[in-house]
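Student: Just the structure for this:
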Amino acid sequence: MYRYAFLALTALLVLSASCSDKYKLQLNTPKTIQIDEPQSISVREKNGNPIDSVQYLINGQAVVSNEDLKISDYRLGNQSISATINFEGEKWQLNNTVYFLAAEAPKLYGYEIVNEFHHDDKAFTQGFVYHDGYFYESTGQFGESTLRKTEIETGKVIRKVDLDKKYFGEGMTIYNGKIYQLTWRKKVGFIYDIDSFELERTFDYGKSKEGWGLTHDKEHLIKTDGTERIWFLDPETLVESRYIETYTNKRKAEKLNELEFVKGKIYANIWQQNSILIVNPQNGTIEAIVNLKGLQSKAGQEGEDHVLNGIAYDESTDRLFVTGKNWNKVFEIKLMEK
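Tutor: Now for the predicted structure:
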């Protein structure tokens, strides 16, 4: 297991001119913490003066004890740790930022090709879903973005809707008989009837920056915005209720793109990389990394603009499919742990 040389952050607060020589306070926290490592946080009065009481908080929630602090129940990433200090009738608050990291390094997977299917090499794939024996796909580029339904064996497009030229199509998912589709920077998404492809309504984004990938866990829509964050949305109100941040035991993963929900985990590919992250949806731990190197060239493409960007899962038969931007093939693959 990797170990970290923790850096103690110091917040120094001089209270007032009349007591600046008496009270000097600092909040000591590590810079990063792995979630399986109990840690302590503390407040120090540098001049040795008494403190009546201290209340510690993580993201505004009170912590029972600052000793052997257990953080396994928190999401990973950026956290606000604060201390409310009481002394001589005064109350002051100190704040630090700490990053929670995964407990272990991610597992590594390769792949085995099980089957190959035709894919339209004019399709700039942004979202990819298997549903009831067909592929559904959202494609991008201004003036070329579409929503389409295709036959698996032949790749034939049997239904298609063109987006307005001002929209760049992004991720999509199917939930309760509706198709949800994102756009890139317009901060608007579309909801269609799955049978007719008729547009039923639109929805606006909340705090998420842009529209990138989309899937669901049968309770929430799950969305990426091109950062390290994965957002969870109420499928009826489309309100962004919470988010996680994706981290290994060393660093965060940014530019998360196309998504799929597989066996209780979020599968996410990274923009301009031929790899998939397997993410714990509760706290953002990157549990595994799948290296799909070699598929891009087998699909007739090269370069960073035409990389992996489609993940689809057939839950009924446990089949995993992947494709990419302007690839001429869809691959059914089996993951192989290294």
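Student: how near is the residue most central in space within the chain to I222?
Tutor: When C-alpha atoms, centre = their mean is applied to the chain, the residue found nearest the centroid is I230 (2.9 Å). Computed as C-beta to C-beta, to the nearest Å, the I230 to I222 distance reads 6 Å. Every residue, glycine included, has its C-beta placed from N, CA and C.
Student: Find residues that contact each of those two.
Tutor: Counting by C-beta atoms under 8 Å, 6 or more residues apart in numbering, the common neighbours of I230 and I222 are 259, 266, 281.
Student: pLDDT, secondary structure and neighbour count added to these, as TSV?
Tutor: Shown next, in TSV, are those (pLDDT from 0 to 100; DSSP: H, G, I helix; E, B strand; the rest coil; neighbours: other C-beta atoms under 10 Å):
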residue	pLDDT	secondary structure	neighbour count
L259	96	strand	29
I266	97	strand	25
P281	95	coil	16
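Student: Throw those into a markdown table and include distance to G324, thanks.
Tutor: Below are the shared contacts of I230 and I222 laid out as a markdown table (distance: C-beta to C-beta, whole Å):
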| residue | distance to G324 |
| --- | --- |
| L259 | 15 |
| I266 | 19 |
| P281 | 24 |
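Student: Tell me where the model's unsure across the stretch 1-150 of the chain.
Tutor: Residues of the stretch 1-150 of the chain meeting the criterion pLDDT under 70: 1-23, 39, 64-71.
Student: Tell me where it has strands.
Tutor: For the stretch 1-150 of the chain, the strands defined by DSSP state E, counting those that start in this stretch cover 12-14, 24-28, 32-34, 42-45, 53-58, 61-62, 77-87, 90-101, 107-118, 125-131, 134-139, 146-151.
Student: Can you name every helix or strand that the third one contacts?
Tutor: The reference is to strand 32-34. Judged by 3 or more C-beta pairs under 8 Å, 6 or more residues apart in numbering; DSSP states H and E, strand 32-34 is in contact with strand 90-101.
Student: so how far is I51 from E88?
Tutor: For E88 relative to I51 (C-beta to C-beta), the value is 9 Å.
Student: Name the residue in those two with the higher neighbour count.
Tutor: Set side by side, E88 and I51 show more neighbours around I51, with 15 against 12, by other C-beta atoms under 10 Å.
Student: tell me the contacts of the more buried one?
Tutor: Contacts of I51 by C-beta under 8 Å, 6+ apart are 43, 45, 85-87.
Student: May I see those residues organised as a markdown table, with neighbour count and distance to Q61 added?
Tutor: Formatted as a markdown table, these follow (neighbours: other C-beta atoms under 10 Å; distance: C-beta to C-beta, whole Å):
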| residue | neighbour count | distance to Q61 |
| --- | --- | --- |
| V43 | 18 | 18 |
| E45 | 15 | 25 |
| I85 | 21 | 18 |
| N86 | 13 | 19 |
| F87 | 19 | 23 |
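Student: Between all of those residues, which two are separated the most?
Tutor: E45 and N86 (12.1 Å; C-beta to C-beta).
Student: hang on, the earlier thing: OK, contacts around the residue nearest to the centre of the chain?
Tutor: Listed by C-beta under 8 Å, 6+ apart, the contact partners of I230 are 222-224, 243-246, 256, 259, 266, 268, 279, 281, 284.
Student: Give me the contact list for stretch 136-147.
Tutor: So stretch 136-147 is contacted by 123-130, 148-150, 160-163, 165-172, 174, 179, 181-184, 190, 192, 197, 310, 325 (C-beta under 8 Å, 6+ apart).
Student: What's the end-to-end length of that stretch?
Tutor: Stretch 136-147 has an end-to-end distance of 7 Å (C-alpha to C-alpha, to the nearest Å).
Student: Which parts of that stretch count as buried, going by neighbours?
Tutor: For stretch 136-147, the neighbour count (16 or more other C-beta atoms under 10 Å) marks 136-141, 145-147 as buried.
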